[in-house]
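*Asks:* pasting the sequence and the predicted coordinates here, then a few questions.
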There are 2 protein chains.
Amino acid sequence: MEKLSVDAAFDSFEETWAPRLAAELNGQALKLARLDGEFVWHAHDDADELFWVLEGGPLDVEFREEATETLGPGELLVVPAGIEHRPVARSPAKVALFEPSGTTNTGDAGGERTRDVERL
Amino acid sequence: MEKLSVDAAFDSFEETWAPRLAAELNGQALKLARLDGEFVWHAHDDADELFWVLEGGPLDVEFREEATETLGPGELLVVPAGIEHRPVARSPAKVALFEPSGTTNTGDAGGERTRDVERL
């Protein structure tokens, strides 16, 4: 067991849209990510995904058939499995993600913005 | 889908050691809890548990056979399943917990400090 400082973790990387692994438990992963600008439309077929804006933003979470949810600091949202979504950070945001281990950032979309998850 | 404000959630209750349910996903629960003073020694036989101090503290997480981990704001720790622990908040703390749905606050110890988890 070793504690982790969220601030120190964010200070350790600059890359956006490349979630880092902060902790693993019960087959799930807590990831920390810097988001800025638009990401790709995608869904995670078997994984609910929690977005929690810690700092910055706002973060728009766009959906195909529902209204956009806009998250400011201290606001969180669960996107259910299978729901196509596109995160758009209107300003740089520090975000916590919670989802099953092995979930990829681009989900079913794949492509050049897919990133391996580095451990912090 | 409905977003949740963590600040508003904490403003909605005062009780300590009574985690509230902020979100459920993938069979897991994100809970928010106010902690103050000593809790009971306990373990969760089948559940890893994440403690994340959001504000206040420090929070000591004591163990039977390992050194205490002390968490300040922005620090988090995973306590593996089966490891007996006792949280002690030296000052009032706002804490996020992540663990499987159905995990009780007192684990295998039970007793009078057990609380049902109310949804926020």
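*Replies:* Received it, and whenever you're ready, just let me know what you need. Just so it is clear, the structure is predicted and the values come from calculations on it, not from any experiment.
*Asks:* can you pull up the bridge partners for residue A:56?
*Replies:* Counting by DSSP bridges, residue A:56 is bridged to residue A:93.
*Asks:* what about it, neighbour count?
*Replies:* Residues lying near residue A:56 (other C-beta atoms under 10 Å in any protein chain shown) number 18. In this view, the C-beta of every residue, glycine as well, is placed from N, C-alpha and C.
*Asks:* quick check: closest non-adjacent residue to residue A:66.
*Replies:* residue B:1 (6.9 Å; C-beta to C-beta, 6 or more residues apart in numbering or on different chains).
*Asks:* distance check, the one you found against residue B:80.
*Replies:* Counting by C-beta to C-beta, to the nearest Å, the gap from residue B:1 to residue B:80 is 32 Å.
*Asks:* one more: residue A:90?
*Replies:* Taking C-beta to C-beta, one finds residue A:90 at 39 Å from residue B:80.
*Asks:* ok, residue A:85 - contacts?
*Replies:* A:41-43, A:61-63, A:79 (C-beta atoms under 8 Å, 6 or more residues apart in numbering or on different chains).
*Asks:* strands paired with the helix or strand bottoming out on mean pLDDT in chain A, and their directions?
*Replies:* Lowest on mean pLDDT, DSSP states H and E among the helices and strands of chain A sits strand A:118-119, with a mean of 93. Strand pairing for strand A:118-119, using DSSP bridges, gives strand A:20-25 (parallel).
*Asks:* secondary structure element holding the residue most central in space within chain A?
*Replies:* By C-alpha atoms, centre = their mean, the mean C-alpha position of chain A lies nearest to residue A:97, the distance being 4.4 Å. Residue A:97 belongs to strand A:85-100 when assigned by DSSP states H and E.
*Asks:* what mean pLDDT does that strand have?
*Replies:* Averaging pLDDT along strand A:85-100 gives 98.
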